[in-house]
Structure formats: C-alpha cells, structure tokens
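Trainee: Here is my input, please return the structure:
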Amino acid sequence: MKKGKHLSLLALTIVLVFFMVVRLVYATNNDKNGYNLTTWDAFGYYLYLPSIFIYEDVSQLEWVPQIDSTYQVTGGQLYQAMPLESGGYTNKYFSGVALMELPFFAIGHSIAKLSSYPADGFSKPYQYSLMWGIFLYTFIGLWVLRKVLLHYFSDVTTAYTLLFLGLTSNLVQYVSIDGAMSHAYIFPLYAMVLWQTIKWYQNFLWKDAFFIGLLIGLATLCRPTELIMLFIPLLWRHDTADSETKFQLLKRYKWQVILCGVGIGLALLPQLIYLKITTGHFIHNVGSKWYFFNPWFRVLVGPEKGWFLYTPVALFMIIGLFLLGKHPGKKSLLTFCILNIWIIIAWSDWRYGASYSTRALTQSYPVFALAMAAFWSRPFWQNKHLWIGVLLLGLTALNIYQLGIYNSGIIENFSPFLP
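Mentor: Predicted coordinates for the structure are as follows:
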C-alpha cells in the first residue's frame, strides 16, 4: 500500500462492510425459500443458465411451471420471455448478466450436487453463490473506481467520494438486496472502461483498445442501452495532444478503433446466436419503447421514484459535472451523463417496476463518481471535515430509513417522511 492512500482504502472497506451488514439485516426475502435472488426481472437475466446447463430447454421452457410453483420466480406470469408465433419463447432480457453469473452458477451447481439440496438451479447453494459473486464484482468495481479517482484526485477526495457513493445512494439496494438485477454486474464494467480509457490515452496499446471493446460489448450484452458507454473513450481528451483534433487522433489509430469495434462484436455474439436459435433471426424486437421527445421528468423529481428526492447525493454528482474544469474527461463525462439520463427518463415504463429511487442509473455511478469527486475537491470544502462528516451521517441515516420503508413493501407514492 502506497503512502498517502490509506484513507480511500479505509473508505472502500467501510462501504463493503456496510453492504454486507445490509445483506444480513435483510437476510430473507422469500417465505418459502428464505433467500431468493432470482425472481422477477432477475429471473429473466438468470433464465439462460438453468435453461442451457440443467434442463437443456432454451425455447419451450417446459420446466418453468414446476420451478415457479416451488420458488415463485416469475412474479405470477412468465413476462420474462416473449411467446413466438412459431411456438416457444425467446428471452426478453439479454444474456450478459447470465454470462457474468456463470462461474458462480457453476459453484452453486457443484455444491448442490454434492449435498442434499436440489440441483435445480434455484435452491440455496445457487442463491448464496450468486450473492458472493455479486459482492466480488462490487469489490472489483470499487477497487478499480478508486484507482480511477486517485489518478485525478487526492486520497481525501477519493475517500469522501467512495463513502458518499456507497453509504448514501441507492446502490446498496442493488448490491445487497436486489443484487441479481443487472446493475451490480454492470457497475464494475463502467469502472473498468474508465480505467482502460485512461490507459489507452496514455500508451495507445492494442490490448487496451480491444479490452475497451469487450467491456462495452459485455455491458451492452447486459442492457442494450449501455452501448452509449462508447462515448466515454470516444470523447476522452488526450492529455498531451491538445493541438491534435479528436478526428486526427482516431484516424492515426484507426486500426485500434476498428479492433475496439471487433471486441464489441465478439461480446455480442452469444446473444445473436441465441436469437437465431430461438427465433430464426439474429435480430428480434422485444417491444421496448422510448419517448425521447416527451420524457418522464418525474423519474428525477417525482414522489414515486425521484432520483433527486430519494438519492439527494445525486445533486452533488450533477453539480460536479460543471466543476470538472480542464479534466481530460470533461466532454466525455458530460455528454455521457446527459445522454444516459435522457434515455432512462424517456423509457415507456418510467417506474422501472418495483424500484428504490431511479435504479437504472446505479450501474453508471462510476462515471458520476468522477463528477462528485470534482465537487468534493473544490477549495470550499477544504478543512471542513466536520461539516462533511455531519452531512455524510445525515444522508446515510436517511438512506437507511428509506431502505427500510421501501423493503417493507411501500412502493407507490413512497415518502421518506410519512411511512
């Protein structure tokens, strides 16, 4: 451990401990199975693994009714899969999360086969293997994010950023409680894309360009809208080439840019193969709609899911976007964040189902973290550690209180002040 970086490491540890404590507090979420991560939307993401490796049935899904009667995974109807005119089903969710879950599914399956638990893909060994996998991915994401922040900001600023991100935002809900959704899996991909972007603009290595493509492709394989992650490396500024236009720079390294595109294509290949098998086509419309010219601003400020209302630390993130100064990622971060927010508030299902605050933004918090670090690095906050600590404790207490209300079942018109 390098001297001068211990505070951010302590902050990372505190955040991880907080996530684990919340997991213990909400130790059960299913009366029949005790702890069941793979329900509702999470079932859709996970569906590929038991379909392929246990039941060998990816299109008819004849095994689902029996599993649903045992574990209540679908939410009452199989909305996760789309019926086809030709018969059978195709999954409405992309396969990236399942690909990232695969190592932990394999561990759970091995434990189930060696124990008295059913090797059916949904018993406790699978659920707890997935849980530890989510914590591992979260640790990787926070560790890489810490490296990114330390590249531009002090250890103190990095520590504050990690603490506010982990303790006061809705990220904890989608790591510790609803961890099998897509958000906790995509979170480390954003952090790694940021780090690989920094490395590529420093050295312009082929391997970094290819890895950026694979990461963006994998994130898109988890949620197709994450393809806008491409704007991060595309608009980043090279520190030592201010006189060279972005077009000239990309032209000079055009073969690496093409290699990045190849990485994206390779990562998307499993989904294309799956769609070809189930539908007969490489492309299939699953019915999602966006209203880009009439977005739902209540996603940000409304009483049901409002991001600024239930995750007030988001205000620091937004303010920080305009305090980046000469940061090489200024244009990149600002463009990405505006597009990302606009896409999310324009989706037809603006409620995003059962969700605490605006859950669709949580996976991109590593990007917003850079903006929040710019906020905490302002001279105004220098030597105001007591006030920052009071603010941190207050927002953490509010977050814990709201988590309790949300997970008690009060979703519609949820207010942090009236249970």
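Trainee: quick one: the helices in the stretch 101-250 of the chain?
Mentor: With DSSP state H, counting those that start in this stretch, the ranges of helices along the stretch 101-250 of the chain come out as 124-152, 155-168, 183-203, 206-222, 231-235, 246-252.
Trainee: helices and strands of this structure: which one has the lowest mean pLDDT?
Mentor: helix 246-252 (a mean of 89; mean pLDDT, DSSP states H and E).
Trainee: Flag every buried residue along it.
Mentor: By neighbour count on 16 or more other CB atoms under 10 Å, the buried set for helix 246-252 is residue 249. All C-beta spots, glycine's among them, are computed from the backbone N, C-alpha and C.
Trainee: For burial, what's the neighbour tally of the closest residue to residue 105 other than its chain neighbours?
Mentor: Leaving aside its sequence neighbours, residue 105 sits nearest to residue 49 (CB to CB, 6 or more residues apart in numbering; 4.7 Å). The local packing of residue 49 (other CB atoms under 10 Å) involves 24 other residues.
Trainee: returning to what we had before: extract the C-alpha set from the least confident helix or strand of the chain and format it as PDB.
Mentor: The C-alpha trace of helix 246-252 is given here as PDB (Å, rounded to 0.1, in the frame of the first residue of the first chain):
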ATOM      1  CA  LYS A 246     -10.100  14.100 -32.000                       C
ATOM      2  CA  PHE A 247     -10.600  13.100 -35.600                       C
ATOM      3  CA  GLN A 248      -6.900  13.200 -36.400                       C
ATOM      4  CA  LEU A 249      -6.100  11.200 -33.300                       C
ATOM      5  CA  LEU A 250      -8.700   8.500 -34.100                       C
ATOM      6  CA  LYS A 251      -7.600   8.400 -37.700                       C
ATOM      7  CA  ARG A 252      -4.000   7.900 -36.600                       C
END
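Trainee: quick one: the helices in the stretch 251-400 of the chain?
Mentor: Applying DSSP H, counting those that start in this stretch to the stretch 251-400 of the chain gives helices spanning 254-279, 298-301, 307-310, 314-321, 330-346, 365-376, 385-407.
Trainee: which one of those lies closest to residue 176?
Mentor: With CB to CB, the closest approach to residue 176 among those belongs to helix 385-407: 9.0 Å.
Trainee: How far away from the center of its chain is that closest one?
Mentor: Relative to the centre of its chain, helix 385-407 is centred 22 Å away, using CA atoms, centre = their mean, to the nearest Å.
Trainee: which parts of that helix are buried?
Mentor: Neighbour-count burial for helix 385-407 [16+ other CB under 10 Å]: 391-392, 395-396, 398-399, 402-403, 405-407.
Trainee: what about residue 285, neighbour count?
Mentor: If you count neighbours by other CB under 10 Å, residue 285 ends up with 8.
Trainee: mind listing what it touches?
Mentor: By CB atoms under 8 Å, 6 or more residues apart in numbering, the contact list for residue 285 is empty.
Trainee: now swap in residue 94 and tell me
Mentor: Contacts of residue 94 by CB under 8 Å, 6+ apart are 220-224, 271.
Trainee: among these, which two are most distant?
Mentor: 223 and 271 (11.7 Å).
Trainee: and for the two, which residues touch both?
Mentor: Residues within reach of residue 223 and of residue 271 at once, by CB under 8 Å, 6+ apart, are 94, 96.
Trainee: for residue 81, phi and psi?
Mentor: Here is the backbone geometry of residue 81 (degrees, to the nearest 10): phi -120, psi 140.
Trainee: Count residues in the vicinity of the closest residue to it other than its chain neighbours, would you?
Mentor: Among residues not flanking residue 81 along the chain, residue 89 sits closest, at 3.8 Å (CB to CB, 6+ apart). Other residues near residue 89 come to 21 when the count uses other CB under 10 Å.
Trainee: Quick check: beta-bridge partners of residue 89?
Mentor: With DSSP bridges as the criterion, the beta-bridge partners of residue 89 are residue 83.
Trainee: Residue 61 is in contact with that one, correct?
Mentor: Yes: the criterion here is CB atoms under 8 Å, and residue 89 meets it with residue 61 at 5.3 Å.
Trainee: Next, show the common contact partners of these two.
Mentor: 78, 81.
Trainee: before we move on, back to that, and which of the buried residues of helix 385-407 is nearest to residue 313?
Mentor: Ranked by distance to residue 313 (CB to CB), the buried residues of helix 385-407 are led by residue 395 at 5.9 Å.
Trainee: List the residues that contact the closest one.
Mentor: Applying CB under 8 Å, 6+ apart to residue 395 gives the contacts 164, 167-168, 312-313.
Trainee: Widest-spaced pair of these?
Mentor: Pairwise distances among the contacts of residue 395 were taken by CB to CB; the largest, 12.7 Å, belongs to 167 and 312.
Trainee: In JSON lines: the contacts of residue 395, plus pLDDT, neighbour count and distance to residue 78.
Mentor: Below are the contacts of residue 395 laid out as JSON lines (pLDDT from 0 to 100; neighbours: other CB atoms under 10 Å; distance: CB to CB, whole Å):
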{"residue": "164", "pLDDT": "98", "neighbour count": "25", "distance to residue 78": "40"}
{"residue": "167", "pLDDT": "98", "neighbour count": "22", "distance to residue 78": "37"}
{"residue": "168", "pLDDT": "98", "neighbour count": "24", "distance to residue 78": "37"}
{"residue": "312", "pLDDT": "98", "neighbour count": "18", "distance to residue 78": "38"}
{"residue": "313", "pLDDT": "98", "neighbour count": "23", "distance to residue 78": "37"}
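Trainee: Cool, thanks, signing off.
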